[in-house]
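Undergrad: structure for the following, please:
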Amino acid sequence: MRVFSPIFLIVLLVQFSICYPEMEHRAMMHETTDYVHFTGLITCKHHQTPAIQSFVLWEHNILTKEFLPLQELSLDQKMYPYEYDIKAKAFGDYPTFDYEFYVNIVHNCTYWMGSKVQQVRYPKFNTVGNITHNMDIQLD
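TA: Numbering: from 1, shown residues only. This next block holds a predicted model:
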């Protein structure tokens with residue numbers, strides 16, 4: 001078993017090092033940068049004191065899930081309903097040419113206050129130009 005673990009690590013290292021230049025080149029291929037801005041209120045179906053542990057914006061692609069690494073999140077949980085504000089940069093969406101954004105939210109807004117992952121989808125947006133969208137989210 002010990003013989004296979006170093007070999008497995010080497011295979012993983014080679015696999016990821018081969019893919020990295022391809023991802024870097026893909027980001028450089030896009031001449032335009034689209035700026036995305038989502039805002040809104042967050043409410044809870046069962047409680048008025050939910051705790052949001054994670055709030056991450058993703059962009060869905062037919063081939064892969066693409067995380068938007070260049071994003072800034074402001075999540076105000078001081079007063080209910082909570083407010084969120086996400087600003088991100090996107091570099092096109094090949095091959096469909098429209099963005100399909102969604103957020104994954106980890107929260108404890110369930111009836112028994114247990115943690116849950118909830119996915120909330122935004123409408124599709126064209127890749128030309130900047131996007132500003134206000135949408136309220138109800139956690140359940």
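Undergrad: only C-alpha atoms from now on, for both contacts and neighbour counts.
TA: Noted.
Undergrad: which secondary element of this structure has the worst mean pLDDT?
TA: helix 4-29 (a mean of 46; mean pLDDT, DSSP states H and E).
Undergrad: so what's the closest residue to residue 43 other than its chain neighbours up against?
TA: Once flanking residues are discounted, residue 43 sits nearest to residue 138: 4.8 Å by CA to CA, 6 or more residues apart in numbering. Residues near residue 138 by CA atoms under 8 Å, 6 or more residues apart in numbering: 42, 43, 44, 45.
Undergrad: any of these buried? List them.
TA: Among the contacts of residue 138, those classed as buried by 16 or more other CA atoms under 10 Å are 42, 43, 44.
Undergrad: buried residues in the helix or strand containing residue 72?
TA: In this assignment (DSSP states H and E), residue 72 forms part of strand 71-76. Buried residues in strand 71-76, defined by neighbour count with 16+ other CA under 10 Å: 71, 73, 75.
Undergrad: mind putting the residues you listed in JSON lines, pLDDT and distance to residue 85 included?
TA: As requested, the buried residues of strand 71-76 are exported to JSON lines (pLDDT from 0 to 100; distance: CA to CA, whole Å):
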{"residue": "71", "pLDDT": "88", "distance to residue 85": "10"}
{"residue": "73", "pLDDT": "94", "distance to residue 85": "6"}
{"residue": "75", "pLDDT": "94", "distance to residue 85": "7"}
